[in-house]
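**Student:** dropping the sequence and predicted coords here.
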Number of protein chains: 2
Amino acid sequence: MTASSRPEHPRLRRSAGDRRAQLVQIGLELLPTTPVQELTIDEVARRAGISRSLLFHYFATKREYYTAVTRAAADVLLEHLLPAPGTPAEQQVTGMLDRYVGWVETFPESHLAFVRGAGGGDPWVSEVYEETRGKLVELALTTLELPDDALRRQLVLAWFAFTEDLVGQWVAEPTLPRTELLGLLRDVLDRLVAR
Amino acid sequence: MTASSRPEHPRLRRSAGDRRAQLVQIGLELLPTTPVQELTIDEVARRAGISRSLLFHYFATKREYYTAVTRAAADVLLEHLLPAPGTPAEQQVTGMLDRYVGWVETFPESHLAFVRGAGGGDPWVSEVYEETRGKLVELALTTLELPDDALRRQLVLAWFAFTEDLVGQWVAEPTLPRTELLGLLRDVLDRLVAR
DNA sequence: GTAGCTTGTTGAGCGTTGCTCAGCAAGCGG
DNA sequence: CCGCTTGCTGAGCAACGCTCAACAAGCTAC
């Protein structure tokens, strides 16, 4: 019995990189159903088929772990939103907006989980969100060919909050044709930054 | 010695109502510095000078406790925002907006803590926020003498998100005279609901 | 092949925290 | 003084984050 105490898991060794990637991947899969900070080491380790201790070998602390997961999630979203190279400048913002709405339509729980943790308690996590939003603001102002002074940055960031909230509600209860929603959002943004 | 065995803690008994109020009050005081879900039973009990067990006598679960704290905080805010009776209809929205900005200016940490927990993980807490926002939407639409169809409700709610975000940033870095901030917010709201 | 090194991996265990439970004791009516 | 209600406590359990000493898989060197 001692020899065959692991019928399925013959104690296979992975490279450090693989293991880390696997653990982050598991976090990403759990993210839509569980608030980042609430996923337990036990659960993640169990899914990975490893002991709790090993997770602490790769991430010194739990916070370090779920910060990595959050950063990975942010990267996935960013990459999805970034316009394909060669897109005419005028279509870039509209395209990003369109893809954003599409993303929320496709993964409503993921969107909730993402927006949810934005300011949620942990400063490390908040920092990741602010970084991501910062990049998006910069991108938006650049493609709109507008200077990014402090006021405009604030307005675009607040417009993000507006957009996230409205799209979130709209997906749950579409009170408007999709096209009009996009038009409205775009219109609000234009009026805000054109001051 | 037995007679004077009450150096600091004469084991005084409080009425159920008093204790509950005291515990919620302690939660409110801790709220600005600690995310609601993270305040520990130990800490609260210690501040109240009671044992952990007693807290569970009044609140069956930790969640029940901090939900009560959240609700109390929401009530404080609501009461602060509600217009004094007899205010002319036209000034009500402006007055609420003004008081809201004032509140954020006075208690920036409290505001952060409040907005922070809005969607933050716990559905019980989120419900309190949605209730509060719902009341404010109803109030706003009523005083603006507009019908509150689904679309308009969504727009006003999204405008709240916009306002909370922008005011939060503005307090940290005032990029605009206060009056103009209020005007801008009011203007955005008017344009949004006048469709 | 086997000795030895690196390093992925584990189990036992500690401190904290949410929560339970049996029972003590403060205040009051008889 | 008795007994009842009920505010209140301490001991203790389970779950969780985290530590640490040690095991073992896979490689290289002889």
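**Tutor:** On my side now, so go ahead. Residues are numbered from 1 along each chain as shown, chains lettered A, B, ... in the order given.

**Student:** flag every residue of chain A that's near chain B.
**Tutor:** A:35, A:37-38, A:112, A:115-121, A:149-151, A:154-155, A:157-166, A:169-170, A:173, A:175-176, A:188, A:191-192 (Cβ under 8 Å from any Cβ of the partner chain). For the C-beta atoms, the positions are set from N, CA and C on the backbone; glycine is no exception.

**Student:** helix/strand/coil for A:Ala60?
**Tutor:** Following DSSP: H, G, I helix; E, B strand; the rest coil, A:Ala60 is assigned to coil.

**Student:** er, A:Gly121 actually
**Tutor:** A:Gly121 ends up coil, using three-state DSSP.

**Student:** chain neighbours aside, what residue packs nearest to it?
**Tutor:** B:Pro35 (3.7 Å; Cβ to Cβ, 6 or more residues apart in numbering or on different chains).

**Student:** go ahead and confirm the one you found touches B:Gly117.
**Tutor:** Yes. The criterion here is Cβ atoms under 8 Å, and B:Pro35 meets it with B:Gly117 at 6.5 Å.

**Student:** please say which of those two ends up with more neighbours.
**Tutor:** Neighbour count, other Cβ atoms under 10 Å in any protein chain shown: between B:Pro35 and B:Gly117, B:Gly117 has more, with 24 against 20.

**Student:** residues contacting the more buried one?
**Tutor:** Contact partners of B:Gly117, counting by Cβ atoms under 8 Å, 6 or more residues apart in numbering or on different chains, are A:Gly120, A:Gly121, B:Pro35, B:Val36, B:Gln37, B:Thr70, B:Val125, B:Tyr129.

**Student:** next step: the residues you listed restricted to helices.
**Tutor:** Judged by DSSP state H, the contacts of B:Gly117 include B:Thr70, B:Val125, B:Tyr129 as members of helices.

**Student:** got the contact list for the host helix or strand of A:Arg46?
**Tutor:** Using DSSP states H and E, A:Arg46 falls within helix A:41-48. With contacts defined as Cβ under 8 Å, 6+ apart, helix A:41-48 is touched by A:19, A:22-23, A:26-27, A:30, A:51-52, A:54-56, A:62, A:65.

**Student:** and the residues you listed, which of them are in strands?
**Tutor:** Using DSSP state E, no member of these falls in strands.

**Student:** what is the nearest of those to B:Gln92?
**Tutor:** When those are compared for distance to B:Gln92 (Cβ to Cβ), A:Leu30 wins out at 45.6 Å.

**Student:** how much space separates the closest one from A:Arg46?
**Tutor:** Distance, A:Leu30 to A:Arg46, by Cβ to Cβ, to the nearest Å: 11 Å.

**Student:** pLDDT at the residue minimising distance to the centre of chain A, what is it?
**Tutor:** Computing the C-alpha centroid of chain A and ranking residues by Cα atoms, centre = their mean puts A:Ala74 first, at 3.4 Å. In this model, A:Ala74 is scored at 94, pLDDT.

**Student:** I figured it hits A:Glu127, correct?
**Tutor:** No. Assessed by Cβ under 8 Å, A:Ala74 is found out of contact with A:Glu127, at 10.5 Å.

**Student:** you'd agree A:Leu141 is up against A:Asp148?
**Tutor:** Yes. Taking Cβ under 8 Å as the definition, A:Leu141 is a contact partner of A:Asp148 at 4.2 Å.

**Student:** would you mark the buried spots in stretch A:140-155?
**Tutor:** Across stretch A:140-155, burial judged by 16 or more other Cβ atoms under 10 Å in any protein chain shown covers A:Ala140, A:Leu141, A:Thr143, A:Leu144, A:Leu151, A:Arg152, A:Arg153, A:Gln154, A:Leu155.

**Student:** ok, the fourth one - contacts?
**Tutor:** With contact taken as Cβ under 8 Å, 6+ apart, A:Leu144 is in contact with A:Val93, A:Val193.

**Student:** pLDDT below threshold where in chain A?
**Tutor:** Counting by pLDDT under 70, chain A contains low-confidence residues at A:1-11, A:119-120.

**Student:** mind giving me the domain ranges of it?
**Tutor:** A:16-65, A:82-193 (automatic domain parsing).

**Student:** among these, which is nearest DNA strand C?
**Tutor:** Among the domains of chain A, domain A:16-65 comes nearest to DNA strand C, with 2.9 Å by Cβ to the nearest atom of the strand.

**Student:** can the closest one be said to contact DNA strand D?
**Tutor:** Yes. Domain A:16-65 lies within reach of DNA strand D by Cβ under 7 Å from any atom of the strand, at A:Leu39, A:Thr40, A:Ile41, A:Asp42, A:Arg52, A:Ser53, A:Phe56, A:Ala60, A:Thr61, A:Lys62, A:Arg63.

**Student:** out of the residues you listed, who's nearest A:Leu81?
**Tutor:** Distance to A:Leu81, by Cβ to Cβ, is smallest for A:Leu39 among the residues of domain A:16-65 next to DNA strand D, at 24.9 Å.

**Student:** surely that closest one touches A:Leu28?
**Tutor:** No. If you go by Cβ under 8 Å, A:Leu39 and A:Leu28 don't touch, sitting 10.7 Å apart.
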